[in-house]
Structure formats: structure tokens, C-alpha cells
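[1] quick one, what's the 3D model for this:
(2 chains)
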Amino acid sequence: MTTDPLTATCPLPRTDTDAVLMGHGAGGRLFAELLDTVIGPIIGADPVAEDAAVVAVDGVGVVVSTDSFVVTPHDFPGGDIGSLAVHGTVNDVAMRGARPVALTLAYIVEEGFPVADLARITASAACAAAGAGVAIVTGDTKVVERGGADGIYINTTGIGELLPGAVVTAAGADPGDAVLVSGPVGRHGAAVMAAREGFAFDLRSDSCALNTMVEDMITAAGRDVHVLRDATRGGIAAVLNELAFASGVGIAIDESAVAVPDQVAAICDVLGIDPFHLACEGTLVAVVAPDAADDVLTAMRARPEGRGAHRIGVVTNTHVGRVTARTALGATRIVDMPLGEQLPRIC
Amino acid sequence: MRYLDEYRDPALARTLLAELCATATRPWTLMEVCGGQTHTLVRQGIDELLPAGMRMVHGPGCPVCVTPLQAIDRAIAIAARPGVIFTSFGDMLRVPGSERDLLGVKASGGDVRVVYSPLDAVRLAVAEPGRPVVFFAVGFETTAPANAMAVLEAARLGLDNFSMLVSHVLVPPAMTAILESEHNEVQGFLAAGHVCAVMGWRAYEPLAAKYRTPIVVTGFEPLDLLEGILLAVRQLETSRCEVENQYARAVLRDGNTAAQHAMAEVFAVATRYWRGIGSIPDSGLVLAERYAAFDAERRFDVDGLDAAEDPRCIAGAILRGSAVPTECGAYGTACTPRHPLGAPMVSTEGTCAAFHLAGRSR
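    Predicted coordinates:
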């Protein structure tokens, strides 16, 4: 039987599965489902879209965050798995408006991994921690049989203290707030992809610690800084969707205001990937009260990692939970949450 | 970026839109054939900016969508064999088969790898002489020449561990099927620029004449699409029905004859089943008999593996709007979001899944 070709539609991707897929680790809709339906209910915690938790210890707010790093290749232009493991967790702690104080560093190493590489990665992690002003205070090393890991995996856990006056949460965006981004997007994802595929692009990961810039932002605007998120897995598309959902607001961005470096745009064009879905590792999205936006931008631009800071949009009380973008031609499109895997293991 | 930014200029786009609005006196309906064109239209919101009443109908040119269930199931069966390295373009991995998708095969231990060129699969076969390497050859005339080159290269190297699962489709027979449809409202086509870069546009000339329908060979950037739409509307407004070439920087009337020769050497035209549409005569490519040694269907003995969309599923009626999910016998029992029988139950955006999530009962 032949169906009328005009009524044909696409077979849609499956989201049901009995096994964990690579896409479940990509920070998109598949991961959100896993958190909502499997992990969250068992732990009994309300799965909120925060990078770090605030725990009261003797009445003092302590911020804690943990993250594991499985990036391949281990070395990429602009960093390696050691520096990335430090920057990632330092930034997650900072995104609650906290000053990171101490880090743990835990390795899972595959039998046969060169000791010289382990030393080099450790030196890189130590250098990154010193640069961020954070001490590595304890750690762990486990070795698994050959084939049990891809060379080396790293877990870091960070603790920090809330900065005075900081009230930063993913649920804090209010209609009218300004949406800022600290620099051009997509650099880490594109650099890792180029390194993996052997593309000769002059492109470096943006991997860096953002905690000092965050302190300056909080100093400039205090509780007017409502939301901070580093745009890691799933890129700015995932982060904006998460905070629109968590805050119960809409977000409207101006697509042409988002800086996408030429090399990132080129690699995305070649491979058919959306630059808004590509990971950043040293670029944050901030939602701030409209009157504070200029002061916060000035504070960001005073730091090298925030030199390219710019305003990309506004929080709305319409289309709640949705992110829309005004295109270069003046039309409007939805910026969707990425479904799952863009690339294997980018952080 | 040179050669791209020129075709994305917002000021020029507004000029073209103004000209289009000044030209169109009736609510014309056009179809962009290629999924890449659909992507640009939707991503840039061009469809929203068209003159009032004017409509773009999205064409069948998404190779992922039209690859038949049977081919996906055969791919899954081959990829699940021990020792096999199954290679594919990335976007095929998520396409649902009867039971699962290729990502699921990978998760259960299958060696499924994304490649960016079929020649990467040939290189893999050279590097892994002890293991069978299979490439999933899907797509339109655009991807066929590179896939033909991969077979020629494997033959030249005398590789006995390389094979190809072929499910190629051809554009002109699909356009004919649309024009022959009793429901057809399409008054003009934007032909797929990259398909035409390979094949040229001679095949479209009889279509334009027979069905009195303008066909404009069109590129993929925003200005390409706007100019393609404008050229088609100008033809409609002046009662012309010709093949015009908007994508002159890439397309010649005769196309790329070297690529056509490679395709003709390696492939033969055959009747092909299109997912969601059905069987269309002479609308696909299979490996020619002299390259049968590279045919993965024969090598892995999966050519007997048949698959059909579940007969209990009334997706066609749902999608046409002639039935609602709660009228389906399988809804909520045999068919749920966790175990869908058809596409509308798969994604949360599908009609059946939306009904199910809203708790509507039969």
C-alpha cells in the first residue's frame, strides 16, 4: 500500500530504553528523564537543576559539587583532562555565588597507563587549582584492569563558602531580568571535536576557572545577580532551557547577539551541529536584575575570561519554560533542549 | 566566513522579502524538497516571514525519515553480529527500528561507529583485516557518488571484509509521486541544490512541462531559499513552468558527470520502499550485480528479514487527522510511550504520546 507522500512524517527518535545510552550522559532531555524517573525518586531528593548544593553546617552555608571527567582525547587545544577536572568543579561551586575553598581529586586509571602521562595530568590539575586559588586537599587512586577504563577518568569534588550577599539559584530568574553571557560560545565542544577528528582548526577550548569573575560580579551587584550557570554539556541551549523551567519564566534571546567564533561556526556547518548545543567550559550565562546589568557587564569585562561578555536577551513572563530566539532575519524560533548525544564524551 | 556570510546577509534578505511581497498576488503553495532546506527555513523563521497565505510544504527529502523500517532492522541485525564493525553517518543511529535503534545495539555491546565519510569505513576495513566492516549507505543522489567511490576503492584494494548495506533513494520519482497525488496542493518546487550538483537538472525538465509546475534548483542558505522562492513565485505569477537554476554557483545543467559515471558503474536503479509513503517504482539504488560481493544483505544473509510497521498501529489515520489516539485499539494497552508501536507514540511531541501523558483514556 502506498500512502500519500504529502501525509508522510518522520519516524521520531525513541526515548524509551532499557539500557543506559551515551545520550543519557549528554546533559539533554534523556538525562533529565533519567534524573526525574530513576535517580531522583530513589534518592528521594527533588531533582533541581543546580550545579551545586548549599548545605547548612552549624548554620553556615557550605556549597558542595562533584563532577566526573571522561573526556577523550585527554589532551585538546587549550587544556587537558587534568585542568578540565579542576575548572569544571571550581566553576560548578562558583555558580551558586560561592568562593571555592578546597577540592578533592580522584583517579580511576587503566592498567598500563603511562606514569609520565599521569604525572603530566596531575601537574596540569595542580596548576589549574593554583590558578583558581583553590587547594587540592585529598584524593584517591584506583586502578582497573586493561579495558576497564579509557586510560584515565577523574572525579573532583569541591566545597566553597557562600559569598556575602549572594543569593544565586537556578530558580531565581524574574521577568524583565537581563540575560548575559561571558564570552563567545561553543569553543570547548568544537575544540575537542576538532582534536578528535583531526581537523586542523585554529581553535582553543575556553576551559578556565570563573570563580574570580563571579566574586567580582557579586561584589558589583550582590543579590541582583539572580542566576549563574556555566554552559557545559548541552551548551547555552540546555542551560537556558533548564533555568527557564526552574524559574517558571520564558527567555527571549537575540540570536545575532550571541557571539559564535568563525571557527566554531565553520565546524558546526561542516558537521551539522548547532553551536548553541556545544559545550563551553569557561563561559557562563548570568541572569541579573535589569538595573544591575551594566554594572555586572563592566565587572565581567574587566576580567580576561569575561572580556567578551555581552547581553543576549531578556527574561519574560510569556511562553513559560520555553526559550525563543529572534533570528537574524527577524523571525522567531524555539531554542529546544538538546535530546541527547551531540558527540561522545566531551567533558 | 567567505562563501557563507554573503548568503546570510539580513539586509539583503529583507530586500528579497519585500520584493517577494510585492510580487505575490495569490497564496501560492511551494514545496522545498530537501530536509536541509527545511532546516534553514525553520531555523531562520523564513516561513513566518512569507507573504500572507503563502505556504511552504516540507518535502520528502529527509533520508533518515524515508529509510524503510526493514533497512533499519537489517542494519540492527548486522550490527549485533559478533565481530562486525558497523559504520554509519551519525543521524541514522537514533532512527527507531521495530524493536530498538542502533544506539541500543551499541549500548548492548555492538561495535557501532560514526564515520563522516564512507572512505573512513574503507580505511577501517584496511586497518582491521580480521573483522567485517559494514557501511550503512543511505541518502539521495547526494551521498551516492561517495558511496560508489568507497565500493570502487574497496574493489581496487581487493578488500574481502568490506561491505555496504544500501538503501539509496532518488528524488525525481518522489516528486512524480507527489505531483500524481490526488491531494497535491504543491504549485512549485524548490529542487534540492546538492542533488542537482550531482545529477544536473535535465530530469526535471519533463516534470515541469508535463505537470505545468515551476521547479527552481535552490541552495541552502537563507538568501538562496528566499531567491528560490521569489523565482518560483515570479514563474507562477506569469504562468511560466520552467526549470530555473538559483544555485548557479554549484550546479550545472548536466551535473557532475564523473560522479554520475561512478554511480552508474556501482549501482542499479530499483523499486524502493519509502518509510511512511510506500513503494515507488525505480526510486532507489541497489548494488549492481558485478559488485554483489560488497552487498551486506547477501553477505550477512539478512535479505529475507522482513519488517512491517505494526498492523495494529493507525498512525497514518492519526497523522492525517482522520482518527484520534483514543479511537485506536492498541492505545494505552499494547502501545505506550515506553513500548510504542508507531511514531506518534515515540516522542513526547507525538500526538499519541501527548494524549497518553495527559492521562486520556479510551
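
[2] now do the contacts for the spatially closest residue to A:E111 that is not a sequence neighbour.
    Spatial nearest neighbour of A:E111, excluding adjacent residues (C-beta to C-beta, 6 or more residues apart in numbering or on different chains): A:R146 at 4.6 Å. From N, CA and C alone the C-beta is placed, and that goes for glycine too. A:R146 makes contacts with A:110-112, as judged by C-beta atoms under 8 Å, 6 or more residues apart in numbering or on different chains.

[3] switch the cut-off to 10 Å
    By C-beta atoms under 10 Å, 6 or more residues apart in numbering or on different chains, the contact list for A:R146 reads A:110-113.

[4] which SSE is it in?
    According to DSSP states H and E, A:R146 maps onto no helix or strand at all.

[5] same question for B:D120.
    B:D120 belongs to helix B:118-127 when assigned by DSSP H and E.

[6] in that helix, what's buried?
    Buried residues in helix B:118-127, defined by neighbour count with 16 or more other C-beta atoms under 10 Å in any protein chain shown: B:118-125.

[7] which of these are close to chain A?
    B:D120 (C-beta under 10 Å from any C-beta of the partner chain).

[8] on that earlier part again, any of the contacts of A:R146 buried? List them.
    Neighbour-count burial (16+ other C-beta under 10 Å) is assigned, among the contacts of A:R146, to A:110, A:113.

[9] near chain A, which residues of the stretch 101-250 of chain B? Just list them.
    When proximity is defined as C-beta under 10 Å from any C-beta, the stretch 101-250 of chain B approaches chain A at B:101, B:103-104, B:106-109, B:114, B:116, B:120, B:174-186, B:222-223, B:226.

[10] ok, residue 20 - how many residues close by?
    As the question left the chain open, I've gone with chain A. A:V20 has 12 neighbours, counted by other C-beta atoms under 10 Å in any protein chain shown.

[11] chain B is the one I meant
    Counted with other C-beta under 10 Å, residues neighbouring B:L20 total 19.

[12] go on, the one 5 residues further on?
    Using other C-beta under 10 Å, B:T25 is surrounded by 10 other residues.

[13] per-residue pLDDT, it?
    For B:T25, the pLDDT comes out at 95.

[14] show me what contacts the closest residue to it other than its chain neighbours?
    Nearest non-adjacent residue to B:T25, counting by C-beta to C-beta, 6+ apart: B:E237, 6.3 Å away. Counting by C-beta under 10 Å, 6+ apart, B:E237 makes contact with B:23-26, B:28.

[15] what do you get for B:A288?
    B:148, B:151, B:263-269, B:294-295.

[16] among the residues of the stretch 101-250 of chain B next to chain A, which ones are buried?
    Among those, the ones that count as buried by 16+ other C-beta under 10 Å are B:101, B:103-104, B:106-107, B:114, B:120, B:174-179, B:181, B:184, B:186, B:222-223, B:226.

[17] where strands are concerned, which of these count?
    B:V114 (DSSP state E).

[18] count the neighbours of the residue of the stretch 51-200 of chain A at minimum distance from chain B for me.
    In the stretch 51-200 of chain A, the residue found nearest to chain B is A:E197; the distance is 7.0 Å by C-beta to the nearest C-beta. A:E197 has 14 neighbours, counted by other C-beta under 10 Å.

[19] bridge partners for the residue in the stretch 201-350 of chain B positioned nearest to chain A, pull those for me.
    Closest contact between the stretch 201-350 of chain B and chain A, by C-beta to the nearest C-beta, is at B:G278 (3.2 Å). On the basis of DSSP bridges, B:G278 is bridged to B:W274.

[20] hang on, it packs against B:P60?
    No. With contact defined as C-beta atoms under 10 Å, B:G278 does not count as touching B:P60 (11.5 Å).

[21] of those two, who's got more company?
    B:P60 (26 against 15).

[22] can you give me phi and psi for the more buried one?
    Dihedral pair for B:P60: phi -90, psi 10, per degrees, to the nearest 10.

[23] return the residues in contact with the residue of chain A found nearest chain B.
    Closest residue of chain A to chain B, C-beta to the nearest C-beta: A:A331 (2.2 Å). A:A331 sits next to A:255, A:325, B:41-50 when contact means C-beta under 10 Å, 6+ apart.

[24] out of these, which sit inside strands?
    Of the contacts of A:A331, the ones assigned to strands by DSSP E are A:A325.

[25] show me where chain A has helices.
    Along chain A, counting by DSSP state H, helices occupy A:29-34, A:40-43, A:81-94, A:115-132, A:187-197, A:211-221, A:235-247, A:262-271, A:293-301.

[26] which of those helices sits most buried?
    Neighbour counts (mean count of other C-beta atoms under 10 Å in any protein chain shown) averaged over each of these peak at helix A:81-94, with a mean of 29.

[27] tilt between that one and helix A:187-197?
    Inter-element angle recorded for helix A:81-94 and helix A:187-197: 160 degrees (by axes from the mean of the first three to the mean of the last three C-alpha atoms, to 10 degrees).

[28] just want the angle from helix A:81-94 to helix A:211-221.
    Relative orientation of helix A:81-94 versus helix A:211-221 (the same axes, to 10 degrees): 20 degrees.

[29] CA-only coordinates of helix A:81-94, as PDB, when you get a sec.
    Extracted in PDB, the C-alpha atoms of helix A:81-94 (Å, rounded to 0.1, in the frame of the first residue of the first chain):
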ATOM      1  CA  ILE A  81      41.600  16.200  31.300                       C
ATOM      2  CA  GLY A  82      43.500  17.400  34.400                       C
ATOM      3  CA  SER A  83      42.900  21.100  34.100                       C
ATOM      4  CA  LEU A  84      39.300  20.500  32.900                       C
ATOM      5  CA  ALA A  85      38.600  18.400  36.000                       C
ATOM      6  CA  VAL A  86      39.600  21.300  38.200                       C
ATOM      7  CA  HIS A  87      37.900  24.100  36.200                       C
ATOM      8  CA  GLY A  88      34.700  22.100  35.900                       C
ATOM      9  CA  THR A  89      34.200  21.700  39.600                       C
ATOM     10  CA  VAL A  90      35.500  25.100  40.600                       C
ATOM     11  CA  ASN A  91      33.000  26.600  38.200                       C
ATOM     12  CA  ASP A  92      30.100  24.500  39.500                       C
ATOM     13  CA  VAL A  93      30.800  25.700  43.100                       C
ATOM     14  CA  ALA A  94      31.200  29.300  41.900                       C
END
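
[30] need the mean per-residue confidence for it.
    Mean predicted lDDT for helix A:81-94 stands at 97.

[31] quick one: it to chain centroid distance?
    Put simply, helix A:81-94 sits 10 Å off its chain's centre (C-alpha atoms, centre = their mean, to the nearest Å).

[32] compute the inter-axis angle for it and helix A:115-132.
    Following the same axes, to 10 degrees, one obtains 30 degrees for the angle between helix A:81-94 and helix A:115-132.

[33] what about the strands in the stretch 201-350 of chain B?
    Here the stretch 201-350 of chain B has its strands, by DSSP state E, counting those that start in this stretch, at B:215-218, B:243-245, B:267-274, B:278-287.
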